[in-house]
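[1] Predicted model and sequence follow; I will ask about them next.
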Amino acid sequence: GAGVSQSPSNKVTEKGKDVELRCDPISGHTALYWYRQSLGQGLEFLIYFQGNSAPDKSGLPSDRFSAERTGGSVSTLTIQRTQQEDSAVYLCASSLEPISAHEQYFGPGTRLTVT
Amino acid sequence: KQEVTQIPAALSVPEGENLVLNCSFTDSAIYNLQWFRQDPGKGLTSLLLIQSSQREQTSGRLNASLDKSSGRSTLYIAASQPGDSATYLCAPPSRGSSNTGKLIFGQGTTLQVKP
């Protein structure tokens, strides 16, 4: 079946602009995660959704970052007033529950470049 | 706080060799551990998920072991092929994440298999 999809695959934006990144999880996966991969920091957790609620937002680096999920499916990660340090690959993953018994499946990522 | 170390950071071997990738983690109170591979410019592909109750998990030429008490996991690749060239990442969940499943990643082992 279809895997996790993300759009856009690449995004170049000017410093100070807002960007939206989209994730379509595998159908039926109620758990959804956002991670960020950058050269200096490796792979870092950002936020976890269970259904439409986000019980763990502990990885969001600042209040410029927010995310939502609607209909228990699509999720959008929004970065306001982008900074150069936001440049990274943003990865989305989804999983069945209980999460302790299931793998996380990752999308191809969105490469964000802030100029 | 869960911390993950992978050794070696890089490995170059001739085709056909059997090899072992090592992963150590600081918090042994995990319920599973996942191994991934990442090809350059791509997302993560799940290879194996080992539950805490298991000691080994096999998929084709891959065998992963888990020793929770010592905080170690190994990924064994048999009869390596050039197509195995990629970065391999191990990811246990973070401490106290039984309700979130957020993964903590090591820096990975970059493998090159020469024809």
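    Perfect, thanks for sending it.
[2] now the residue in chain B that chain A sits nearest to, nearest residue through space, not along the chain?
    Nearest residue of chain B to chain A, counting by C-beta to the nearest C-beta: residue B:101, 3.5 Å away. Every residue, glycine included, has its C-beta placed from N, CA and C. Leaving aside its chain neighbours, residue B:101 sits nearest to residue A:99 (3.5 Å; criterion: C-beta to C-beta, 6 or more residues apart in numbering or on different chains).
[3] Contact residues of chain B facing chain A?
    Contacts of chain B with chain A, taken as C-beta under 8 Å from any C-beta of the partner chain, map to B:31-32, B:34, B:36, B:42-46, B:49, B:51, B:89, B:91, B:94, B:97-108.
[4] Report the distance from stretch B:24-44 to the chain centre.
    5 Å (C-alpha atoms, centre = their mean, to the nearest Å).
[5] Export only the CA atoms of it, formatted as PDB.
    Taking C-alpha atoms only, stretch B:24-44 is exported to PDB below (Å, rounded to 0.1, in the frame of the first residue of the first chain):
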ATOM      1  CA  SER B  24      24.600   1.300  22.800                       C
ATOM      2  CA  PHE B  25      22.000   3.200  24.800                       C
ATOM      3  CA  THR B  26      22.000   4.700  28.300                       C
ATOM      4  CA  ASP B  27      18.400   3.900  29.400                       C
ATOM      5  CA  SER B  28      17.700   0.200  29.400                       C
ATOM      6  CA  ALA B  29      14.100   0.600  30.400                       C
ATOM      7  CA  ILE B  30      12.900   0.400  26.800                       C
ATOM      8  CA  TYR B  31      10.000  -1.600  25.300                       C
ATOM      9  CA  ASN B  32      11.500  -2.000  21.800                       C
ATOM     10  CA  LEU B  33      14.300  -0.800  19.500                       C
ATOM     11  CA  GLN B  34      14.200  -0.100  15.800                       C
ATOM     12  CA  TRP B  35      17.000  -0.300  13.200                       C
ATOM     13  CA  PHE B  36      16.800   1.900  10.100                       C
ATOM     14  CA  ARG B  37      18.800   2.500   6.900                       C
ATOM     15  CA  GLN B  38      19.000   5.800   5.200                       C
ATOM     16  CA  ASP B  39      20.200   6.300   1.700                       C
ATOM     17  CA  PRO B  40      21.700   9.700   0.700                       C
ATOM     18  CA  GLY B  41      19.000  12.300   0.300                       C
ATOM     19  CA  LYS B  42      16.300   9.900   1.300                       C
ATOM     20  CA  GLY B  43      14.100   9.200   4.200                       C
ATOM     21  CA  LEU B  44      14.500   6.300   6.700                       C
END
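[6] Lovely, talk soon.
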